[in-house]
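Engineer: Return atomic coordinates for the entry below.
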Amino acid sequence: MAAYQQASQSIVLTWLLFALLRQTCTTCADELEWDDSGYVLYCPCMGRFGNQADHLLGSLAFAKMLNRTLAVPPWIVYRHNAAPYINVHEPYSQFFQLEALSAYHRVVSLEAFMQHLAPQHWPRGQRNAYCFETAAQRSSDKKSCPMKDGNPFGPFWDYVGVDFDKSILFGGIAFNAYHQAEWTKKFPPSEHPVLALPGAPAQFPVLEEHVGLQRYLVWSESMSRQGEELIAAHLDRPYVGIHLRIGIDWQNACKMLERGDAGPHFMASPQCVGYSRQSALPLTMTMCLPNLPEIRRAAKLWVKKTSARSVYIATDSESHSRELEKLFKGKVKVVSLQPELAQTDLYILGQADHFIGNCVSSFSAFVKRQRDVHGQTSSFFGMDKLGVVNRKEEL
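Structural biologist: Alright, predicted model coming up:
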């Protein structure tokens, strides 16, 4: 409970800081002025929310490196299992405070950029696309950036009302600080005011040096209010939050590890095995795809350690709620809301007194980074102590 109170105080201080920042924030539409240092635009077109969040952190760092304003894109929400069966583009501020990002670097929402700045400063007929030469090889003429080829690329740029007039290709350059001078020399803002890229100028998973940028992703007031109401209504503190990534698509992905087609660095696994390929810890199947005995073991361990009265389960498949209720013999409340918005699960997991995540999942990685910012404890299936893989007899 003391740890939760400390984390709560940290969150309150963070909110106060960004309340002050809001008073001087220049990202509001009625205060927008053109930035002569230029802009970075990109499509968050690789993966679902966890991947998009990783890419956002790297893109923030890239924009700061070039001293360009980042036009923060909307989140792409894939709702192909429910009407209207199309991608939904949710503004960044639907889930997080845009103003909070400005504590790190200059930002504007992509929607505000297109509505208030683009008509005059980036008009139709002057909208260049920038991409690697290798990417252009996918186009029919081998020299055009495939900015709108397929889904989600086409629907994304259509959502913000952009058609591209010219492609500018580049090669032999990367998005890291080593090439900073080359980016500036090759694309000075005076000649290339808007760098519009087909994908994020960032790596996946997020680089170790960019992990700390998570502190600038602050939940919107509406998400915080909704999350706190759900916690108060359904959970008794202390509670343990669990992320179960065990759906059929994930099972197929983890088979790559089982076959030996993937090594220790597999998707978001550097968060637990280490970022150095030379010294990375082994990545086990239990860490990728925990079975029911491992789920029961880890839940029992952390419920005991935290004296938890509740367990909250976020899952892409079976919650195993009944099995855990039987394990705890009705003495611990087990809750799985399976909300429409994945971000609701993220919020509740982030507020838990302890979090058990999936080492390989970028969804779990988001929660882990968020909790690290506020000094909250986390562990992974197959790794009770961070940096130490569980012994085989414990798996």
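
Engineer: Quick one: low-confidence residue ranges for the stretch 51-200 of the chain.
Structural biologist: Within the stretch 51-200 of the chain, the stretches falling below the threshold (pLDDT under 70) are 80-85.

Engineer: for it, what spans make up the strands?
Structural biologist: 69-72, 75-78, 87-90, 107-109, 128-132, 166-170, 194-197 (DSSP state E, counting those that start in this stretch).

Engineer: Most tightly packed of these?
Structural biologist: Taking mean count of other CB atoms under 10 Å as the contact definition, the stretch among the strands of the stretch 51-200 of the chain with the greatest mean neighbour count is strand 69-72, which reaches a mean of 26. Quick note: C-beta positions are derived from backbone N, CA and C, even for glycine.

Engineer: follow-up on the earlier one: wait, which of the strands of the stretch 51-200 of the chain is closest to Pro205?
Structural biologist: Across the strands of the stretch 51-200 of the chain, the minimum distance to Pro205, taken as CB to CB, is reached by strand 75-78, at 17.8 Å.

Engineer: re earlier: distance to Thr315 added to the strands of the stretch 51-200 of the chain, as TSV?
Structural biologist: Rendered in TSV, the data for those read as follows (distance: least, CB to CB, whole Å):
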stretch	distance to Thr315
strand 69-72	29
strand 75-78	17
strand 87-90	21
strand 107-109	32
strand 128-132	37
strand 166-170	42
strand 194-197	34
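
Engineer: Please identify which of these is closest to Ser321.
Structural biologist: The closest approach between Ser321 and any of the strands of the stretch 51-200 of the chain, judged by CB to CB, belongs to strand 75-78 at 25.4 Å.

Engineer: what pairs with the closest one, and is each one parallel or antiparallel?
Structural biologist: With DSSP bridges as the test, strand 75-78 is paired with strand 87-90 (antiparallel).

Engineer: ok now the partner strand, how far from the chain's centre?
Structural biologist: For strand 87-90, the distance from its own C-alpha centre to the chain's C-alpha centre is 16 Å (CA atoms, centre = their mean, to the nearest Å).

Engineer: now do stretch 191-200
Structural biologist: Stretch 191-200 sits 21 Å away from the centroid of its parent chain (CA atoms, centre = their mean).

Engineer: Kindly report the same for stretch 114-121.
Structural biologist: On CA atoms, centre = their mean, the centre of stretch 114-121 falls 28 Å from the chain's centre.

Engineer: Could you say which one of the strands of the stretch 51-200 of the chain comes nearest to Leu346?
Structural biologist: Among the strands of the stretch 51-200 of the chain, strand 75-78 comes nearest to Leu346, with 11.9 Å by CB to CB.

Engineer: Show me the contact partners of that closest one.
Structural biologist: When contacts are taken as CB atoms under 8 Å, 6 or more residues apart in numbering, the neighbours of strand 75-78 outside the stretch itself are 44-45, 48-49, 52, 87-92, 94-95, 152, 156.

Engineer: May I ask which of those has the most neighbours?
Structural biologist: Pro44 (26 neighbours; other CB atoms under 10 Å).

Engineer: how close does Ser109 sit to Pro188?
Structural biologist: The gap separating Ser109 from Pro188 is 25 Å, by CB to CB, to the nearest Å.

Engineer: ugh, typo on my part, it should be Gln120
Structural biologist: For Gln120, the distance to Pro188 under the criterion CB to CB works out to 20 Å.

Engineer: Give me the more crowded residue out of those two.
Structural biologist: Neighbour count, other CB under 10 Å: between Gln120 and Pro188, Pro188 has more, with 11 against 8.

Engineer: follow-up on the earlier one: between the contacts of strand 75-78, which sits nearest Arg127?
Structural biologist: Using CB to CB, these come closest to Arg127 at Phe156, 14.5 Å.
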